[in-house]
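1. pasting a predicted model and its sequence here:
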Amino acid sequence: MRKSGMHIPSKWVKTKVLLKHSQIKPYIPKTRIMTKSALYAMLKQYRMVYVKPIAGSFGLGVIRVERVSGRDSTAKYRYQKGTKVRTFRDYDSMYNSLLKTKSRILYIAQRGIELLKYQNRRFDIRVMVQKDPRGQWEATGVIGRQAQAKKIVTNFHNGGKPLPLSVLLKPHLHSDGRMAAYTRKLKSLGIRISKAMNKTYPKMNMIGIDVGVGKDLKPWIIEVNTNPDPYIFNKLKDKSIYRKMYRYARRLGRRVR
């Protein structure tokens, strides 16, 4: 896809922009620049934290870090990158190993959300929001992304499987009415996020929001992608959603697959 509009690669910059908006702030997991002391404090408070490169895509470089509970366990900390899990008896050992396995660029630490699962695999949600032909923000599609077995990221380019939201959430919402209401809630949140980002970046015209859902069904903003690829929506049986995104994207000066 040819870039158009405004691309903001820094996850930290985008987080700080959204934190200024009181209606969006409650949906943002606690996020800090990763340092030894910051990660320790967050693990003490939340037990599980995701660390990720400050810039990057496709879920590359994302690591899940945990403080292990249980008196009988000799391991006190562990982290997972890809499908590989390493365990450690103390924080210093874990952190030193973490520094060696991550790339040298700056990382952020984000409160971990225990994502809902479908068929014992984690999933999250992508909400696509675009400017329509009149220049108004419209949530053009919502899709689920199911992680590969034993993986911690759901990205399509990292083995994730696009699935209709109705399939993934049906075991948790049970009725069509609740599903429709929840989808409206996600789209409304997506539009609020887009308008908030647009105030800081007026040239922005298309956003993909990755939303994690925990057991209480609260949506959490995992990441905002300012140069999203609509291609995963072409994997849905209903092609009208992708066709609309394609039409809007072309009007915005983007080439899509």
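-> Everything's here; your move. All values reported here derive from a predicted model rather than from experimental measurement. Numbering: from 1, shown residues only.
2. off-centre distance for stretch 153-160?
-> Relative to its parent chain, stretch 153-160 has a centroid offset of 11 Å by CA atoms, centre = their mean, to the nearest Å.
3. tell me where the chain has helices.
-> Here the chain has its helices, by DSSP state H, at 11-19, 36-46, 91-101, 165-173, 176-200, 239-251.
4. out of those helices, which is closest to Glu114?
-> helix 36-46 (10.3 Å; CB to CB). Where you see a C-beta, it was placed from the backbone N, CA and C, and this is true even at glycine.
5. Leu165 against Gly144, yeah?
-> Yes: using CB atoms under 8 Å, Leu165 is in contact with Gly144, at 4.9 Å.
6. hmm, Ala149 and Gly159 touching each other?
-> No: judged on CB under 8 Å, Gly159 makes no contact with Ala149 at a distance of 9.2 Å.
7. what about these two, which has more around it?
-> Using other CB atoms under 10 Å as the criterion, Gly159 and Ala149 rank with Gly159 on top: 16 against 11.
8. pop out the phi and psi values for the more buried one.
-> phi 90, psi 0 (degrees, to the nearest 10).
9. separation between it and Arg122?
-> 12 Å (CB to CB, to the nearest Å).
10. low-confidence regions, the stretch 151-257 of the chain specifically.
-> Applying pLDDT under 70 to the stretch 151-257 of the chain flags residues 254-257.
11. rebuild the helices of the chain as a markdown table, extending it with distance to Val62 and mean neighbour count.
-> As requested, the helices of the chain are exported to a markdown table (distance: least, CB to CB, whole Å; neighbours: other CB atoms under 10 Å):
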| stretch | distance to Val62 | mean neighbour count |
| --- | --- | --- |
| helix 11-19 | 11 | 17 |
| helix 36-46 | 14 | 16 |
| helix 91-101 | 12 | 15 |
| helix 165-173 | 20 | 17 |
| helix 176-200 | 21 | 17 |
| helix 239-251 | 26 | 17 |
